[in-house]
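In: no sequence for this one, just the structure:
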């Protein structure tokens, strides 16, 4: 479940080089072929995306999957490490699916906000790479934050995204970036997002946490047959 969204909590976050982030109670990467800057006319023709969405894949694909996720969500990190790589290989890289990532912060709020804002402030071509890196470093970031070293952890994340320490600090309080970020989160709330990860397939919210669950919905939309799968009991017997 998500914590209440308080964008104003960023006002006191990392205002100076000496500032630090307090840790509160805690409740796959793109490649050069990923097309994140789609033509305006194509984007307008897709009713499931916005002009400011972070997206990868074929803008004209028959299927658009939007994920709302939090950079500090353990379930999100697990999905991105265990499901996303194969999903990307089979459906995004082949042009069958357009994938959109939208930030939706969960507790610890300050860490989620800092991580998502870094990704927003970096160059667009580094967005998915940075999101992937933060999922990979999630445990390390929590450990550093617990030791009062959240600032150092996020400076490292920011530098990996091509931001200097000064640009990172400016990013944390940039009004335009914060307003755009808040709008995405509020859009998620309006769409019925109550936890992360949440997935929307062609505009419909779906409970799809495994690749097979995704395929059961998207393959008919793609005009492809759903493959036969062994029953769970049979799989257990083989093991």
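Out: Now that the structure is in, tell me what you want to look at. Remember, it's a predicted structure, so these values are computed and weren't measured experimentally. Residues are numbered from 1 along each chain as shown.

In: just to be sure, residue 55 is in a strand?
Out: Yes: assessed with DSSP: H, G, I helix; E, B strand; the rest coil, residue 55 lies in a strand.

In: partners of it in the sheet?
Out: Beta bridges link residue 55 to residue 100 when assigned by DSSP bridges.

In: list the buried residues in the longest helix anywhere in the chain.
Out: Longest helix in the chain, counting residues (DSSP state H): helix 175-191. Neighbour-count burial for helix 175-191, with 16 or more other C-beta atoms under 10 Å as criterion, is recorded at 177, 178, 181, 182, 184, 185, 188. The C-beta positions use only the backbone N, C-alpha and C, and glycine is treated the same way.

In: and of these, the nearest to residue 115?
Out: residue 181 (11.2 Å; C-beta to C-beta).

In: and the residue lying closest to the closest one once chain neighbours are set aside, how many neighbours?
Out: Nearest non-adjacent residue to residue 181, counting by C-beta to C-beta, 6 or more residues apart in numbering: residue 120, 5.9 Å away. Residue 120 has 22 neighbours, counted by other C-beta atoms under 10 Å.

In: please report phi then psi for residue 120.
Out: When read as degrees, to the nearest 10, the backbone of residue 120 gives phi -70, psi -40.

In: quick one: residue 206 and residue 134, what's the gap?
Out: 25 Å (C-beta to C-beta, to the nearest Å).

In: list the residues that contact residue 208.
Out: Residues near residue 208 by C-beta atoms under 8 Å, 6 or more residues apart in numbering: 199, 201, 214, 217.

In: same check on residue 74?
Out: residue 138.

In: tell me how far it lies from residue 153.
Out: 17 Å.

In: contact partners of the longest helix of the chain?
Out: With contact meaning C-beta under 8 Å, 6+ apart, helix 175-191 is reached by 5, 7, 10, 52, 68, 102-105, 113, 116-117, 120-121, 171, 198, 200, 205.

In: following that helix, which helix or strand shows up next?
Out: Note on helix 175-191: by DSSP states H and E, the next helix or strand toward the C-terminus is strand 198-201.

In: what about that following strand, distance to the chain center?
Out: Its chain's C-alpha centre lies 12 Å from the corresponding centre of strand 198-201 when counted by C-alpha atoms, centre = their mean, to the nearest Å.

In: from the contact counts, what lies against it?
Out: Contacts defined by 3 or more C-beta pairs under 8 Å, 6 or more residues apart in numbering; DSSP states H and E place strand 198-201 against strand 63-69, strand 204-206, helix 211-222.

In: packing partners for the first one?
Out: The contact analysis (3+ C-beta pairs under 8 Å, 6+ apart) places strand 63-69 against helix 74-82, strand 97-103, strand 198-201, helix 211-222.

In: now the angle between helix 175-191 and that strand, please.
Out: 110 degrees (axes from the mean of the first three to the mean of the last three C-alpha atoms, to 10 degrees).
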